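**Student:** Sequence plus the predicted model coming up.
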Amino acid sequence: MALLVNEKEFPFHAGMTLADLARAQGGDVDILLVNGYPATLQTVLSDGDQCWLWKRGKAPSAEEMQHLLYARHTPGVQVRLQERMVGIMGLGGLGSLVAIALTRMGIGSLLLADYDVVEPTNLNRQQYFVDQIGQKKTAALRDILQRVNPHVAVTMIDRRLAEDDIGVLFKDVHALVECFDDPAMKAAGLRAALHHLPGVFYVCASGLAGYGENNAIQTRRLYPRIYLVGDEVSAAAPGEGLMAARVGIAAHHQANQVVRLLLGAENEAS
Amino acid sequence: MKVFCNGEAQEIAPGSRAIDCLNKLGLDASSVVVECDGKILTREEYGSHALQDGSVLELIRFVGGG
């Protein structure tokens, strides 16, 4: 019978509370989590609970940092995600946010593709900063991701993709996220996934411009392992711009769908 | 002859290719993925794949923005 306390085994006995663990840790703790959820010193523990006790503001070691990043995750999830690689095609409003969300969730490695540089007109919705204007989006995003979570392995493809490239460049990823701006490349990406990436989960997007209804953005299954996010109507066009919030809704649909698929959601559904 | 696009019947000329159907519907072929009778067409096949009477097309249309 054992608990996991700050990722280390600790003997369990019936009736234990977090206060017992706090005393064993020297008492000076004020962040208390049990199984990914905030708790109090009075919380009574059960065998097998995963507990985190920490002093607010204390600088963690590199190993502790990795564990703390995921202390509020659903237990067991991060171990499965860290063995997975996800490709992202296009690092604009969708792609930059999908990459950050996946990085925060502990994806092991990312394969990021874009040919463009950060421009002032990107900053209304893309996750870059003013001081990154002029930098390649691949490098700028890698720098942001390293600041969020230094444990994610980032590989960059710094060129314009073509339909014939996609099946070759992304053959080793577990999931591929289509975040292109150009509708012709969106169609090309889906054809490439259907023809050339038989074992890869694929999440594409269409229809996310403007400030229309939140709930018109949906995730729809097109084929086994292939999903489309968006309202499928709202095109970026004169009079309808791309705006941070709605692009963000779609990007987070994509990121959550990737995580769901990597954790086995499709098997449960079918 | 009659084909079915995303479940809706369309009357098209005998001998029509996939691209003719897209044009009739006013769709930009470059932003559409075409499945015809269960087969995903390559981009080159849009102009060459002959439709049959009763062909079933699924058209997945993309709009810009990302």
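**Tutor:** Ah, there it is.

**Student:** Point to the residue nearest the middle of chain A.
**Tutor:** residue A:102 (1.4 Å; Cα atoms, centre = their mean).

**Student:** Up against chain B, what does the stretch 151-270 of chain A have?
**Tutor:** A:163, A:179-184, A:186-188, A:190-191, A:194-195, A:204-209, A:222, A:228, A:230, A:232-237, A:242, A:247 (Cβ under 8 Å from any Cβ of the partner chain). Bear in mind the C-beta positions are built from the backbone N, C-alpha and C, glycine included.

**Student:** Those residues in strands, which ones?
**Tutor:** Per DSSP state E, strands hold the following members of those: A:204-205, A:222, A:228, A:230.

**Student:** which one of those residues has the most neighbours?
**Tutor:** Scoring these on neighbours with other Cβ atoms under 10 Å in any protein chain shown, the highest-scoring entry is residue A:205 at 31 neighbours.

**Student:** ok, back up a step: can you tell me how far the residue nearest to the centre of chain A is from chain B?
**Tutor:** Distance, residue A:102 to chain B, using Cβ to the nearest Cβ, to the nearest Å: 16 Å.

**Student:** For that residue, list the residues it contacts.
**Tutor:** By Cβ atoms under 8 Å, 6 or more residues apart in numbering or on different chains, the residues touching residue A:102 are A:86, A:110, A:255, A:258-259.

**Student:** What residues does residue 29 make contact with?
**Tutor:** Let's take chain A. Counted by Cβ under 8 Å, 6+ apart, residue A:29 has contacts A:22, A:53-55.

**Student:** right idea, wrong chain: chain B
**Tutor:** Taking Cβ under 8 Å, 6+ apart as the test, what residue B:29 contacts is B:19, B:22-23, B:46.

**Student:** and the residue nearest to it when sequence neighbours are not counted, how many neighbours does it have?
**Tutor:** Spatial nearest neighbour of residue B:29, excluding adjacent residues (Cβ to Cβ, 6 or more residues apart in numbering or on different chains): residue B:22 at 4.9 Å. Using other Cβ under 10 Å, residue B:22 has 21 neighbouring residues.

**Student:** Show the pLDDT at residue B:22.
**Tutor:** Per-residue pLDDT puts residue B:22 at 97.

**Student:** Using the three-state scheme, assign it.
**Tutor:** Judged by DSSP: H, G, I helix; E, B strand; the rest coil, the three-state class of residue B:22 is helix.

**Student:** Residues of the stretch 1-150 of chain A that sit close to chain B?
**Tutor:** A:90, A:92-95.

**Student:** Now with 7 Å, please.
**Tutor:** Proximity of the stretch 1-150 of chain A to chain B, by Cβ under 7 Å from any Cβ of the partner chain, involves residues A:90, A:92-94.

**Student:** Which one (most neighbours) among these?
**Tutor:** residue A:94 (34 neighbours).

**Student:** Let me see the contact set for that one.
**Tutor:** A:179, A:205, A:247, A:250-251, A:254, B:66 (Cβ atoms under 7 Å, 6 or more residues apart in numbering or on different chains).

**Student:** Phi, psi for the spatially most central residue of chain B please.
**Tutor:** For chain B, the residue nearest the mean C-alpha position is residue B:18 (4.3 Å; Cα atoms, centre = their mean). When quoted as degrees, to the nearest 10, the phi and psi of residue B:18 stand at phi -60, psi -40.

**Student:** Next one: it relative to residue A:24, how far apart?
**Tutor:** 70 Å (Cβ to Cβ, to the nearest Å).

**Student:** repeat for residue A:213
**Tutor:** Using Cβ to Cβ, we find residue A:213 at a distance of 52 Å from residue A:24.

**Student:** Kindly report the same for residue A:123.
**Tutor:** 48 Å.

**Student:** Low-confidence ranges, chain A, go.
**Tutor:** Chain A contains residues with pLDDT under 70 at A:269-270.
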